[in-house]
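1. structure of the sequence below:
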Amino acid sequence: MNSAVRGSNAASERLDPVKGNERAEPVPSASAKPPAPGKPLCDSGTQRIFPPPHSLAPSFSSTEGVLDSGHPVTPTCPQPRRGVSSAVPRNRSPLPPTLLLFGSAAALAFLGPQRASLVPALLPWALTFGALAHLWLSHRTWLARPGVLIGGALLLRVIFLLPLPDLSDDLYRYVWDGLLTLEGVRPYTLVPADPALSHLHGTDLFREMNSPGYTSIYPPLSQWIFLPGAIAYRLWGWPAAAWAIKGGFLLLETLGVLLMYATLRRLRRPPAPLALYAWNPLALVTIAGGGHTEGGLVLGIGLLLYGLTRAPGPSGAWLSWAGWGLAVLSKGVPLVLAPLVWRALGPPADGPRRRFREVLRRLRAPVGVLLAMGLLSLPFLRPADLPGIARSARLYTGLFEFNAGLYYLLKGALEALPGATSTGLGSAMGVAFLVGALFVVTRHRARGVDDVSRAAVLVFSLYLVLATTVHPWYLIWVLAFLPFTDTLRPAWLWASAASLPTYLTYTGVPHAPLVALFWGGWLLFAGHQYREFAFRPLRRIAARRKAGWIGPHLAGNRWLDVGGGEGGVARALERRAPDRSASTWVADPMVIGTRDTRRVRAEGERLPFGDGAFDAVVLCFVLHHTADPDRVLAEALRVTADRVVILESTPSTPLGSRLLALLDRWVNEKRGDGSMGTAAPIHYRRGGQWEDTALRLGARVILRDRPGRIGHPVTRLVIRRAPAGG
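-> So this is what the prediction gives:
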C-alpha cells in the first residue's frame, strides 16, 4: 500500500483514497470494533455506543445545513441524572389513560351523540382520541395484551350498542328495505315514494328516510342484515328494529376485528396497532352506535388479510377471495381490488403450458366465490334491477355533496370561470378514481399482507380524496387497513378525529371551515409523513449552492467530504472542477445514496486514512452534530495535506439555536432509515468559537466570513494544516 496514505499505526492498514474505484466499502478499525452478538451495544469502559448498521445517520441543520451533509458521530453512553437510578426506568401506569378513554367513551355514548348534544359531545370525543393517542405512543406493550386489546374492543362496542344517535337517518332506510323484502318486493325495483307502497307511507320509516324518490343502493350482504331489523320492526316497533340491525353489523365487524388480530398473530407481530382501529372512536360511533353497513366490509377485510397469511395454499386462496366477496357485497367499491388479490395469491408459473394449468387451478376459488355471491344476491337482485341502481348511483355522485375537499376546490374554480359549469365534475372524478385505482391494483407490489394493505389504503384514499361525498363512516374503508401499514396512517387518524365536527353542519355551523379543518389537517399530516419526497430535489439544489461556497477555496484535486450524506456536495464539487479531474471521497457512518460517489463507512472521530491523504477536507454542516467536534476537526486536519473548508450553522441566540435544532430534526427525520434526525446531539457554536477551536488545534485560519446573507447565519471557515514540526 502507498506509504503516503499509511497511518502512523503500522499494524493497521489504511485505505488508499486515490487507488482503485471502490464504492461504499466499510473499513474496519481495530479501535472501533462492534461488540460481539449478544453483548451490550454500549461499552461502558470506552464510553462508546456501537449502533446497529445505519443507526448513525447524517443529520443536517436548517435550510442550508439541513439539505445536504452528514454527521459522523461517536456519541457517548447516556448517563443517568443525579438522584435517578439508571437500572430502574420510570414507567408511568397505563391505567389512567385507559380509564380516561373508557370514561370518555361512556360519556360520548350517553350523549348519543345526538345533534342536539353535538357540541358538548366534542369534549369526550377529543378526550377519547387523546387517551388513545397517549396509549399508542407510550403504552403499546399494554395495548398488545390480548385481554386488554380484545376485551377493551368488545366492551367499547357494548357501550355504544344501546344509544340511538340521530346523526344519520340511514337506519330508517335499512329497515324499509327489509320490509320490502318481507313483502316480496326487491328493494332495487320500487322507489319508496311509489304509489304501490302507499300502505307504508304512514310509517315513521317513510317520514324519516332520505331520498324516497330513488331505489336502494345497499348491496346484498347488507340486505340480509336488514331482514332481522324488519322482523323486529313488525314485532316490536322502531327501537327494536334499530337495535337488531346494529347488532347484526356489530357482530360482523367484531368477527372482522378478531380476524385482524389473528392475522397479526400469524404474522408474528405485536397486535397493538389493531387498537388504532378497534379502539377508534369513529369505528365505535359509526358501526356500534350508528349501525352503518361498514361492519360487513370490516369482516371482509379481516378475512381477506387472514387468507393471505395462509397463501399460497388452497385454503388461503378461498379465504381471501371469500373476504373480497363479502367486502364487495357490503359496499361495492372493493370490486376494484380483484386484480390486486389475484396477484397477491401467487406469481404465474413458468412456461405457457404450466401457466395455463396454473391459471385454471387458481380460478377455482374466485369463480366459486362469484357463484356464492350470486346465490346470496339472488333474493334481492336481478340483472333488470341494475339500471335503477345506476340511477341511484348517479344521484349519489351528481346531487349529494358533503365534506368533499378536492371536489369543492375544483367546483369553485370552475364556477368562477365565465361560462364554465361544474356539471359532470363528479362523474369525471369518478372516472379519474377508476383510472388511478386500476393503475395501483395492477402495478403496486402484491407479495403479502403488507403490500395488499398499502395498495388498498392508496386505492381507498384516492376514492375519498376524489369523492363528492365523504361521510365519517366512509373512513372505515381505510382505517381497517391501518393496523397493517403506516401508509397515510397519521393523516387518516387525524381525519377520523376531525370527522365528528363535520356533523356540526346539521346544527347551522358553516360547512367550509369544517371541511378545511378535516382536509387541511389531512394534508398537513400527509405532507409531514412524506416530506422527504419534496426535500430530495431541494437537497440537490442546496448541494450545488454549497459547492459554490466551498469550491473556490479547495486545493489540489483529492478531496474528502466528511459526513457527506448522500454525496450531493461531493458530486457537485467534482462537476465544478475545471478539468473534471477531481476525485472526491465521502466518509460517512451510513452508506446511502452511493451513486457516482467514492465512499467509505467511517466515523469522523476515526477516519481510516493516512496523514495528509487528501489535498482538502470538507466539513459541511457536520461539526455541530458530533459528540466531540474538536476530535473530528483534529482528524480532518490530520488527513489533509493542505486545508479544511468548514461550513457551519452559527445562530447567535439560544432561541435561534433551539428553533434551528427543531427544524434540523424535522427536515432529516425521514432520511436514510428514519433515524437521521434524532441519532446525534446538536451543539451549535458561534463563528468565533469555531475559529478558536481551530487555533487551539494548531491550525492557521485563512478565511472566516458569511457566504450567504439570506436565511439563518452560516459561517465559512477555511483553515490550513500546520506544517510538520511547526
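2. and the protein, what are its domains?
-> Domains of the chain are assigned by automatic domain parsing as 3-77+536-720, 97-530.
3. ramachandran angles for E603?
-> Backbone torsions of E603, given as degrees, to the nearest 10, read phi -100, psi 150.
4. would you agree it is in contact with P589?
-> Yes - taking contacts as CB atoms under 8 Å, E603 lies within contact range of P589: 5.5 Å. Quick note: C-beta positions are derived from backbone N, CA and C, even for glycine.
5. do a quick rundown of the strands in the protein.
-> Using DSSP state E, the strands of the chain run over 25-26, 42-43, 48-49, 558-562, 583-588, 598-601, 614-620, 640-649, 700-705, 714-720.
6. worst average pLDDT in the ones you listed?
-> Looking at those, the lowest mean pLDDT belongs to strand 48-49 (a mean of 32).
7. reformat the domains of the chain as TSV; add mean neighbour count.
-> Shown next, in TSV, are these (neighbours: other CB atoms under 10 Å):
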stretch	mean neighbour count
domain 3-77+536-720	19
domain 97-530	19
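8. rank the ones you listed by pLDDT, which is bottom?
-> Among these, domain 3-77+536-720 scores lowest, with a mean of 71.
9. remind me, longest helix of this protein?
-> Ranked by residue count and defined by DSSP state H, the top helix of the chain is helix 238-266.
10. helices or strands up against that one?
-> Helices and strands touching helix 238-266, by 3 or more CB pairs under 8 Å, 6 or more residues apart in numbering; DSSP states H and E, are helix 146-159, helix 170-182, helix 220-236, helix 275-278, helix 294-310.
11. mind redoing it with 7 Å?
-> helix 146-159, helix 170-182, helix 220-236, helix 294-310 (3 or more CB pairs under 7 Å, 6 or more residues apart in numbering; DSSP states H and E).
12. angle of the first one against helix 238-266?
-> Okay, so that is helix 146-159. Relative orientation of helix 146-159 and helix 238-266, computed by axes from the mean of the first three to the mean of the last three CA atoms, to 10 degrees: 160 degrees.
13. now find how far off-centre helix 146-159 is within its chain.
-> Offset of helix 146-159 from its chain centre (CA atoms, centre = their mean, to the nearest Å): 26 Å.
14. and stretch 295-302, C-alpha only, in PDB?
-> Taking C-alpha atoms only, stretch 295-302 is exported to PDB below (Å, rounded to 0.1, in the frame of the first residue of the first chain):
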ATOM      1  CA  GLY A 295     -69.500  -3.700   9.600                       C
ATOM      2  CA  GLY A 296     -69.700  -6.200   6.800                       C
ATOM      3  CA  LEU A 297     -66.800  -4.600   5.000                       C
ATOM      4  CA  VAL A 298     -64.600  -5.000   8.100                       C
ATOM      5  CA  LEU A 299     -65.400  -8.700   8.200                       C
ATOM      6  CA  GLY A 300     -64.500  -9.000   4.500                       C
ATOM      7  CA  ILE A 301     -61.200  -7.100   5.000                       C
ATOM      8  CA  GLY A 302     -60.300  -9.200   8.000                       C
END
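15. which residues does that stretch contact?
-> Applying CB atoms under 7 Å, 6 or more residues apart in numbering, the contact partners of stretch 295-302 are 221-222, 249-250, 252-253, 255-257, 259-260, 287, 323-324, 326-327, 330-331, 334, 476-477, 480-481.
16. quick revisit: output the helices and strands packed on helix 238-266 in CSV, with distance to S117 appended to each entry.
-> Below are the helices and strands packed on helix 238-266 laid out as CSV (distance: least, CB to CB, whole Å):
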stretch, distance to S117
helix 146-159, 16
helix 170-182, 18
helix 220-236, 25
helix 294-310, 24
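17. W243 is nearest to which of those?
-> W243 sits nearest to helix 220-236 of all the helices and strands packed on helix 238-266, at 7.4 Å, using CB to CB.
18. which other helices and strands does the closest one contact?
-> Against helix 220-236 (3+ CB pairs under 7 Å, 6+ apart) you get helix 170-182, helix 238-266, helix 314-331, helix 364-377.
19. now distance to H471 too, for the ones you listed, in TSV please.
-> Shown next, in TSV, are those (distance: least, CB to CB, whole Å):
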stretch	distance to H471
helix 170-182	9
helix 238-266	15
helix 314-331	12
helix 364-377	24
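20. out of those, the one nearest R700 is which?
-> R700 lies closest, by CB to CB, to one member of the helices and strands packed on helix 220-236: helix 238-266, at 62.0 Å.
21. tell me what angle that closest one forms with helix 314-331.
-> If you take the same axes, to 10 degrees, helix 238-266 sits at 150 degrees to helix 314-331.
22. just the angle for helix 238-266 relative to helix 294-310, thanks.
-> Relative orientation of helix 238-266 versus helix 294-310 (the same axes, to 10 degrees): 20 degrees.
23. need the contact list for the spatially closest residue to L227 that is not a sequence neighbour.
-> Nearest non-adjacent residue to L227, counting by CB to CB, 6 or more residues apart in numbering: G178, 5.0 Å away. By CB under 7 Å, 6+ apart, the residues touching G178 are F226, L227, G229, A230.
24. how about 8 Å then?
-> Applying CB atoms under 8 Å, 6 or more residues apart in numbering to G178 gives the contacts Q223, F226, L227, P228, G229, A230, I231, Y233, I245.
25. what's the closest of those residues to R362?
-> Compare each of the contacts of G178 with R362 using CB to CB and the shortest gap goes to Q223, at 30.2 Å.
26. now the nearest residue to the closest one once chain neighbours are set aside, what are its backbone angles?
-> Setting aside the residues directly before and after it, Q223 is nearest to F380 in space (CB to CB, 6+ apart), at 4.7 Å. The phi and psi values for F380, taken as degrees, to the nearest 10, are phi -120, psi -30.
27. how near is F380 to T189?
-> Noted for F380: a distance of 10 Å to T189, by CB to CB, to the nearest Å.
28. how much space separates the closest residue in space to A534 that isn't next to it in sequence from V667?
-> In this structure, A534 finds its nearest non-sequential neighbour in G527, 7.8 Å apart by CB to CB, 6+ apart. Distance, G527 to V667, by CB to CB: 13 Å.
29. can you check A516 too?
-> Per CB to CB, A516 is found 26 Å from V667.
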